[in-house]
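Asker: this one's structure only:
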C-alpha cells in the first residue's frame with residue numbers, strides 16, 4: 001500500500017505540473033529515461049523522480065511566489081518587470097504573468113538548471129556516487145549564489161543602494177560559512193526539505209530570537225538576541241520589522257498606556273538624479289544582542305505590564321513614522337507579563 005500511494009502521489013504531481021506548464025513550458029518536455037540521459041530536463045521530469053521534494057515544495061512560498069495575495073496586491077499597484085523576474089521566472093517579465101507561470105511560481109528548474117543548459121542538474125556539493133538519467137554537477141553554485149539572485153538586489157531606479165541585502169548580511173555574520181539551505185532546507189529522511197521555512201513559518205521565526213524581560217520599579221529592561229540567524233532579523237523585504245509592544249494595566253486590568261519600539265530599516269527622503277527618493281537613514285534590525293529600556297509613568301497604585309514581540313510584514317510605509325505603516329501580516333514571537341513590584 002505504501003508503494004502504491006507513493007506512485008499515485010507522483011502521478012498526481014506530474015499531472016498537475018503538466019497541466020500548469022501546458023503551453024508555457026520551462027524546457028522541452030522530455031522525461032528522463034532510466035538508461036539514457038534526457039536531452040532536456042523539465043519540471044515534470046523532476047517531479048516524476050523526486051516526489052517527496054515536490055510535495056514539500058507545493059506548500060512553499062516558492063511555489064506561491066506569483067500567486068500569494070501579498071505579491072498580487074503589490075504587483076497590481078506597481079506592475080514592474082523588476083518584480084516579475086523573481087516572482088514569476090517562467091513568464092515574460094515585460095508582460096502580465098500568464099496563468100501557467102503564475103501557478104508554477106519558482107520551480108525545480110528555476111534553481112537547479114544553469115541558464116542555457118537543460119541537460120545538467122545542479123546539486124549540493126557533497127561527496128557520494130551519482131546515479132541519475134541526466135548530468136549532475138555537484139557545485140557550490142547551487143548554494144548562496146542561486147539564493148542571492150532573488151534575495152539580494154538594488155533598487156530598480158539605479159540609485160546605487162540595496163533594496164534587499166540578505167546575502168551581504170550573511171557574509172558579514174558569524175554564520176558566513178553555513179549555507180542558506182542548512183537553516184531554510186533542513187534535512188529530513190535523507191533529503192532536504194523544499195518547504196523553505198521563512199517568514200510564514202511561525203515556529204521557525206519564534207526560534208530565531210530570545211527575549212528576556214525584567215522590571216525594577218518603574219524601569220523595564222528587555223534583552224533581545226537573535227539565535228542561529230545568519231543575517232539581520234528580520235531580513236528580506238525592506239519594510240519587514242519587529243515590534244515590541246508594552247502595555248501598562250491598572251489593578252482591574254484596564255490599559256493605562258502603550259509604548260512601542262520598532263526594529264527595522266528606516267527610510268527618509270533624499271534627492272537622486274533630480275528626483276526625491278527614499279533612502280535608508282538607519283538600520284535598527286537585530287544583528288546581535290540588543291538591550292531596550294522603557295520608563296513607566298510613576299503611579300501610586302500598583303500596575304501590571306504585558307509585553308509582546310511581533311514579526312510584521314509591512315505592505316507599505318507611507319511615511320517615516322512606523323505607526324502609520326500598513327501591516328499585511330504578523331506573527332507573535334514571544335509575550336509575557338511583569339507584575340507590580342513588591
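Answerer: Ah, there it is. Just so it is clear, the model here is predicted, and its values are computed rather than measured.
Asker: who are the contact partners of residue 288?
Answerer: Contacts here follow CB atoms under 8 Å, 6 or more residues apart in numbering; on that basis residue 288 touches 225, 226. C-beta here means a position set from N, CA and C on the backbone, and glycine is covered the same way.
Asker: mind telling me what element it is part of?
Answerer: Secondary structure assignment for residue 288, by DSSP states H and E: no helix or strand.
Asker: pretty sure residue 101 sits in a helix.
Answerer: Yes. Under DSSP: H, G, I helix; E, B strand; the rest coil, residue 101 falls within a helix.
Asker: close enough to count as contact, it and residue 66?
Answerer: Yes. Between residue 101 and residue 66 there is a contact at 6.6 Å, judged by CB atoms under 8 Å.
Asker: overlap in contacts of these two?
Answerer: Shared contacts of residue 101 and residue 66, defined by CB under 8 Å, 6+ apart, comprise 88, 91.
Asker: name the nearest residue to residue 290, ignoring sequence neighbours.
Answerer: Counting by CB to CB, 6 or more residues apart in numbering, residue 290 lies nearest to residue 224, which is 4.9 Å off, once chain neighbours are set aside.
Asker: state the mean pLDDT of the helix or strand hosting the one you found.
Answerer: Element membership for residue 224, per DSSP H and E: strand 219-226. For strand 219-226, the mean per-residue pLDDT is 97.
Asker: other SSEs contacting that strand?
Answerer: When contacts are defined as 3 or more CB pairs under 8 Å, 6 or more residues apart in numbering; DSSP states H and E, strand 219-226 sits against strand 209-216, strand 241-249, strand 290-295, strand 304-316.
Asker: quick one: which of the ones you listed is nearest residue 326?
Answerer: In terms of CB to CB, the element of those nearest to residue 326 is strand 304-316, at 4.7 Å.
Asker: whichever helix or strand comes after the closest one: partners in the sheet, and parallel or antiparallel?
Answerer: As assigned by DSSP H and E, the chain's next helix or strand after strand 304-316 is strand 326-338. Here strand 326-338 has these sheet partners by DSSP bridges: strand 304-316 (antiparallel).
Asker: how far off centre is the partner strand?
Answerer: Distance of strand 304-316 from the chain centroid (CA atoms, centre = their mean, to the nearest Å) equals 18 Å.
Asker: compute the inter-axis angle for that strand and strand 219-226.
Answerer: 50 degrees (axes from the mean of the first three to the mean of the last three CA atoms, to 10 degrees).
Asker: residues of strand 304-316 that come out buried?
Answerer: Along strand 304-316, these residues count as buried under the neighbour rule (16 or more other CB atoms under 10 Å): 304, 305, 306, 307, 308, 309, 310, 311, 312, 313, 314, 315.
Asker: between those residues, which is nearest residue 86?
Answerer: For the buried residues of strand 304-316, the minimum distance to residue 86 (CB to CB) is 16.9 Å, reached by residue 313.
Asker: and that closest one, what does it touch?
Answerer: 70, 199, 237, 239, 240, 327, 328, 329, 330.
Asker: please redo it, this time with the cut-off set to 6 Å
Answerer: 240, 328, 329 (CB atoms under 6 Å, 6 or more residues apart in numbering).
Asker: what's across from it in the sheet?
Answerer: residue 329.
Asker: for it, give its distance to residue 198.
Answerer: Applying CB to CB, to the nearest Å, the value for residue 313 to residue 198 is 11 Å.
Asker: tell me how the protein divides into domains.
Answerer: The record's domain parsing of the chain by automatic domain parsing lists 2-192, 202-338.
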